[in-house]
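[1] The sequence and its predicted three-dimensional model are supplied below.
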Amino acid sequence: MDVGLHALGIGTGAVRSVIDAVASSAERSGFATLWAGEHVVMVDRPDSRYPYSDDGRIAVPADADWLDPMIGLGFAAAATSTIRIATGVLLLPEHNPVLLAKQAASLDVLSGGRLTLGVGIGWAREEFEALGVPFARRAARTAEYASVLRTLWRDDVATFHGEFVDVECVRVNPKPLRHRSIPIILGGNGDVALRRIARWGDGWYGFNLDDVASVAERMVVLQRLCEEQGRDRSDLRIAVALRDPQPHDVGALAELGVDELVIVDSPPADAHRVDEWVARLAARYM
């Protein structure tokens, strides 16, 4: 099973020298993927509940540096040659999908076809309000935007008429390198999120799950939902991050059909200490 590293873009992981060091060291050590998440804005006292913690609060301080993941991963890709890069997750309904189609395809081409686009519907109403994007119907907007991305990547001259997007005979170049497509995997751990994945996703990024038993229960639900949609669950790429991962979890997750365990951690502030930090993680989980 693959092991990925979710360590870039926030706090110490938002420093150029640390990004270079983490990316190159992770590639040498055999990590499969470099992950980076997204929030465009943070607020000091949010009313919105964070869905991935027991207390409903995100652990990242509101005043922390948080890079745009497409730009941060672009620097990571430039420092490497083989390790995959993935947004984990990008908040798709907050983006113009025509512009994002070009940005993602550009990054995919420049990285040599290494990009996975992990997306989510978003949870912070305050962020949507700051961007002038309706919070209501964000799940429907996300699904349509994913269809727009796939259409623009696939077709030389693309037309799409939907509820939120209306484009006629446009060209968006370059095209992604792998069959004019980029894998779109979805975040979210609840039944509604898994149903969304079964309907139209290329995979699942389960984030901050309690333990292997929690993953096993979610995999049973995902299997059932895929069967309802007439899809083969094994066609989906499954990546999960656990709250307190242990080395023995790697084998247990592999037996469940998980493709990648993602280790979430913060790199040292001193780039010269990154090699040692990455080596410790590699020795523990690989």
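    Yep, that arrived. Numbers count the residues shown, from 1 in each chain.
[2] From here on, just use CA atoms for contacts and neighbour counts.
    Will do.
[3] Could you check how many residues crowd around residue 160?
    Residues near residue 160, counting by other CA atoms under 10 Å, number 16.
[4] Please list all residues in contact with it.
    Counting by CA atoms under 8 Å, 6 or more residues apart in numbering, residue 160 touches 148, 151, 166-168.
[5] now do residue 50
    Counted by CA under 8 Å, 6+ apart, residue 50 has contacts 56-58, 123-124.
[6] Kindly report the same for residue 52.
    58, 207-209.
[7] hmm, back to that, of the contacts of residue 50, keep whichever come out buried.
    Buried by 16 or more other CA atoms under 10 Å: 57, 124, out of these.
[8] Take the contacts of residue 50 and lay them out in a markdown table including pLDDT.
    Shown next, in a markdown table, are the contacts of residue 50 (pLDDT from 0 to 100):
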| residue | pLDDT |
| --- | --- |
| 56 | 96 |
| 57 | 95 |
| 58 | 96 |
| 123 | 97 |
| 124 | 98 |
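[9] Name the member of the contacts of residue 50 with the shortest distance to residue 274.
    Ranked by distance to residue 274 (CA to CA), the contacts of residue 50 are led by residue 58 at 25.2 Å.
[10] for the closest one, helix, strand, or coil?
    coil (DSSP: H, G, I helix; E, B strand; the rest coil).
[11] Look up how far residue 74 lies from it.
    In this view, residue 58 and residue 74 are 25 Å apart by CA to CA, to the nearest Å.
[12] secondary structure element for the closest residue in space to residue 181 that isn't next to it in sequence?
    Once flanking residues are discounted, residue 181 sits nearest to residue 153: 6.0 Å by CA to CA, 6 or more residues apart in numbering. Remark: residue 153 resides in helix 138-154, with elements defined by DSSP states H and E.
[13] And that helix, what does it pack against?
    helix 97-110, strand 158-161 (3 or more CA pairs under 8 Å, 6 or more residues apart in numbering; DSSP states H and E).
[14] which of the residues in that helix are buried?
    Across helix 138-154, burial judged by 16+ other CA under 10 Å covers 138-139, 141-154.
[15] ok, now stretch 213-226?
    215-216, 218-219, 221-226.
[16] Going by residue numbers, what spans are helices in this structure?
    16-29, 69-78, 97-110, 125-131, 138-154, 191-200, 212-228, 249-256, 274-285 (DSSP state H).
[17] now the residue nearest to the spatial centre of the chain: how far from residue 274?
    With distances taken as CA atoms, centre = their mean, the residue of the chain nearest its centroid is residue 88 (2.1 Å). Using CA to CA, one gets 21 Å for the distance from residue 88 to residue 274.
[18] quick one: contacts for residue 210?
    Residue 210 touches 242-244, counting by CA under 8 Å, 6+ apart.
[19] so who does residue 98 touch?
    For residue 98, the contacting residues are 148-149, 152, 172, by CA under 8 Å, 6+ apart.
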